[in-house]
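Visitor: after the sequence you'll find the predicted model.
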Amino acid sequence: VALVHVPNGRKDAADKALMADMFLFALDYPPPAAVLLISSDRDFALAMNRLAQRGYTVLLAASLAATWRGSGGPSPAVAEQ
């Protein structure tokens with residue numbers, strides 16, 4: 001684990017830095033490998049999907065409230081009942 005400081009100059013600076021690190025990881029560690037993302041930001045969905053299509057095990061940790069907010073569907077708790 002490495003702590004990386006991202007200056008607060010651009011709106012998406014942290015997102016872009018994280019995206020770049022994910023793909024650099026993919027270059028350095030070919031599948032089978034696992035990628036864990038701890039975020040509720042949907043901006044990473046396409047990148048994580050692409051990694052999964054290429055054989056990576058993709059793990060996502062996010063709060064249920066953030067994951068289902070605005071999805072248009074019922075929350076998992078309601079869907080299970």
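Guide: Received the coordinates, thanks.

Visitor: after the longest helix seen in the chain comes which helix or strand?
Guide: As far as residue count goes, and with DSSP state H defining each element, the longest helix of the chain is helix 13-28. Downstream of helix 13-28, the next assigned helix or strand under DSSP states H and E is strand 34-38.

Visitor: neighbouring strands - and their directions - for that next one?
Guide: Based on DSSP bridges, the strands next to strand 34-38 in the sheet, each with its direction, are strand 57-61 (parallel).

Visitor: list the buried residues in the partner strand.
Guide: When burial is assessed from 16 or more other CB atoms under 10 Å, strand 57-61 yields no buried residues. (Glycine included, C-beta is placed from N, CA and C.)

Visitor: got it, and stretch 47-54?
Guide: Neighbour count says stretch 47-54 has 47-48, 51 buried, by 16+ other CB under 10 Å.

Visitor: show me the contact partners of that stretch.
Guide: 19, 22-23, 26, 31, 35, 37, 58, 60 (CB atoms under 8 Å, 6 or more residues apart in numbering).

Visitor: if we go to 6 Å?
Guide: Contacting residues not belonging to stretch 47-54 are listed as 19, 22, 35, 58 [CB atoms under 6 Å, 6 or more residues apart in numbering].
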